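Peer 1: any chance you can model this:
(one chain, ligands or ions: 2)
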Amino acid sequence: MIKAIVTDIEGTTTDIHFVHKVLFPYSRERMAEYVTANEYNPMIVPSLNEVRQQLTPTATLEDVIQQLLSWIDHDVKMGSLKAIQGHIWQTGFEQGHFTGHVYPDAYENLVKWHQAGIALYIYSSGSVKAQQLLFGHSDFGDLRYLFKGHFDTEIGGKKEATSYQNILETIGLTGNEVLFLSDVVAELDAAKANHINTYLLNRDHQIIEQNTHPECDSFSKIQVL
Ligand SMILES: CSCCC(=O)C(=O)COP(=O)(O)O
Ligand SMILES: [Mg+2]
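Peer 2: Ligands and ions are numbered 1, 2, ... in the order given. Model (predicted):
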């Protein structure tokens, strides 16, 4: 019996285009100004130091900014970038520049599963802060009540099997009691290695090679209850 569902965001609960065409450009346009204004802000100093560790010891703040912009352009899921993006996106969400996209089928079924007593969690490369902002300012209002917890890459990379073992230990369930939803086969493979049930969300009906997971294009086609 499924006692918990862990879901990815980008491509799963939320349109990839919202992340790549709204959130990423928003953070890219504001990155230089934000980092320059917050160079000594204790909230982001650890993240800036992590970026510096990837560069030469003589790296300037401009070098750090350029590295962050390059990671955005190449969709590199570095925790330091995701932490800084979360702070930049906070302004966008709180000032109403955008709301967090959630597919209607995802909204309807997350509510149904929550009402049925299934524990819901998010696992995304986006920081926990960014996750809570997206669902706190979603197209359907504040949906944070739905989720019992949030995981980001602090628990480990999304394609690493140990990350899902860490998640199971954190939520106190065995793999067969948990369902993981994602649009990325490698993430589902890593979850399945821990005997977690999986479902591939293939919303744009791509031909996905080497997929062994059950596949659907909507949360409404996932039989849980
Ligand atoms: C929380 S919304 C921003 C998501 C994000 O920044 C991202 O990179 C999503 O990556 P994922 O591995 O969750 O597809
Ligand atoms: Mg995804």
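Peer 1: enumerate the residues of the protein near ligand 2.
Peer 2: Residues of the chain lying close to ligand 2 by CB under 5 Å from the ion are 8, 10, 11, 183. Every residue, glycine included, has its C-beta placed from N, CA and C.
Peer 1: which residues touch the first one?
Peer 2: When contacts are counted by CB atoms under 8 Å, 6 or more residues apart in numbering, residue 8 touches 122, 123, 124, 158, 180, 181, 182, 183, 184, 187, 201.
Peer 1: mind running it again at 7 Å?
Peer 2: With contacts defined as CB atoms under 7 Å, 6 or more residues apart in numbering, residue 8 is in contact with 123, 124, 181, 182, 183, 187.
Peer 1: in the chain, which spans are helices?
Peer 2: 16-18, 24-37, 45-53, 61-73, 79-94, 104-115, 128-136, 161-171, 185-192 (DSSP state H).
Peer 1: got these as TSV, with mean pLDDT, mean neighbour count and distance to residue 150 columns?
Peer 2: Shown next, in TSV, are the helices of the chain (pLDDT from 0 to 100; neighbours: other CB atoms under 10 Å; distance: least, CB to CB, whole Å):
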stretch	mean pLDDT	mean neighbour count	distance to residue 150
helix 16-18	97	15	18
helix 24-37	98	16	19
helix 45-53	96	16	18
helix 61-73	98	16	22
helix 79-94	97	21	12
helix 104-115	98	18	14
helix 128-136	98	22	4
helix 161-171	98	18	11
helix 185-192	98	22	16
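Peer 1: in a markdown table: those, plus distance to ligand 1.
Peer 2: Formatted as a markdown table, the helices of the chain follow (distance: least, CB to the nearest ligand atom, whole Å):
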| stretch | distance to ligand 1 |
| --- | --- |
| helix 16-18 | 8 |
| helix 24-37 | 7 |
| helix 45-53 | 14 |
| helix 61-73 | 9 |
| helix 79-94 | 6 |
| helix 104-115 | 13 |
| helix 128-136 | 4 |
| helix 161-171 | 11 |
| helix 185-192 | 8 |
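Peer 1: contacting residues around stretch 113-126?
Peer 2: Residues lying outside stretch 113-126 but in contact with it, judged by CB under 7 Å, 6+ apart, are 2-10, 77, 82, 110, 131, 146-153, 158, 167, 171, 224-225.
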